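*Asks:* need a 3D model of the following:
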Amino acid sequence: MLAALLCAFPDLSFACACGCGIFDVGTSSMYASHAGAMVFAEFDYLDQSHNHSGTAAAPAGDNPDKAIRSSFMTIGGQYQFNRRWGVTVELPYWERYFQTTDGGTGEIVAYRHGAVGDIRLKATYAGLSADMSTGLTVGVKLANGDTSYAGFDADTQIGSGSTDALLGAYHLGRLTADNRWSYFLQGQWDQPLVHKDNYRPGAEGVVAFGAYFEGWSTQRNLRIVPIAQLRAVYRRADGGADALVADTGYTRVLVSPGAELAWDNVRIYADVALPLYTNARGNQLFANEMWKINASYHF
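*Replies:* Just a heads-up that it's a prediction; the model follows:
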């Protein structure tokens, strides 16, 4: 089984209400086949510069925000106590460029800021079936990320300002009798529990289906594994006095072709997420491509 399938899923909740829309739907622990530890580093990038309203592109002039370019860097680790139980921790650092219209002068202004994001802690239980193919995840997103930068709106701050419950389930299976093609199904819901009085980020859910080929091996024990996934993301509108209720909340469907390189204990995974369908409330900025690369080492 593909032990590093964590990389097939986004490992961060990029929770800006204006349409980041990549959601954490997996951790490495759910795919581990034995006890042990793993560390990883990941880089994600998206350029939100396309205005959408409803299911169609909309004029840029309808949205006071013009661009949000974000780099997400994450380090983390996973420890699998046994095949049933595992825990994962993720520590993100974000850098964001935000271009918007000044409410007083009407001029275009830009801000750039970097800071530690919200830490995520998660536990995985894989014992719902005898073959360990079905499991549950439960976790928490902390409210430690920076929410004080003056140049950013409430929904573009690096931290969400909320403590969230993360609840999910998954299933792994085989597509062919020779075990060369496999699939995974997973869903997760992110529910803010404690938040600021003036801003509550919208709850968000995702369902993902993916398939992968067991791969081709070279004479030097390098294995190449193609992976593809389809996922649907739903986000509710934000709430609170600082929220843009009419311009938050969306539904998206994305496809993500990718590949993993595996050599001994090292895994390197990369993919690009491409939107197939977007339905946005009001006017929101979205990215046309979302890039990811993840490197992990398994002890």
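*Asks:* and R96, how far is that from Q48?
*Replies:* Noted for R96: a distance of 10 Å to Q48, by Cβ to Cβ, to the nearest Å. Yep, even glycine has a C-beta here, placed from its N, CA and C like the rest.
*Asks:* these two: which is more packed in?
*Replies:* More crowded of R96 and Q48, by other Cβ atoms under 10 Å: Q48, with 26 against 21.
*Asks:* so the more buried one touches M290, yeah?
*Replies:* No. In this structure, Q48 is not within contact of M290 by Cβ atoms under 8 Å, at 9.6 Å.
*Asks:* on that earlier part again, which neighbours do R96 and Q48 share?
*Replies:* The contact sets of R96 and Q48 overlap at 68-70 (Cβ atoms under 8 Å, 6 or more residues apart in numbering).
*Asks:* just put these in JSON lines and tack on pLDDT.
*Replies:* Output for the shared contacts of R96 and Q48, formatted as JSON lines (pLDDT from 0 to 100):
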{"residue": "I68", "pLDDT": "97"}
{"residue": "R69", "pLDDT": "97"}
{"residue": "S70", "pLDDT": "96"}
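*Asks:* same list (these) but as TSV, adding secondary structure, distance to E90 and neighbour count.
*Replies:* What follows is the shared contacts of R96 and Q48, written out as TSV (DSSP: H, G, I helix; E, B strand; the rest coil; distance: Cβ to Cβ, whole Å; neighbours: other Cβ atoms under 10 Å):
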residue	secondary structure	distance to E90	neighbour count
I68	strand	22	24
R69	strand	22	16
S70	strand	16	22
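*Asks:* L166: neighbouring residues, count only.
*Replies:* 21.
*Asks:* repeat that for S162.
*Replies:* By other Cβ under 10 Å, 23 other residues sit near S162.
*Asks:* check the one 5 residues further on too.
*Replies:* Each residue near L167 was counted by other Cβ under 10 Å, and the total is 15.
*Asks:* find the helix or strand that it is a member of.
*Replies:* strand 163-174 (DSSP states H and E).
*Asks:* can you check M38 too?
*Replies:* Applying DSSP H and E, one finds M38 within strand 36-54.
*Asks:* note down every partner strand of that strand and its orientation.
*Replies:* strand 56-57 (antiparallel), strand 65-80 (antiparallel), strand 266-298 (antiparallel) (DSSP bridges).
*Asks:* no further queries at this time; thank you.
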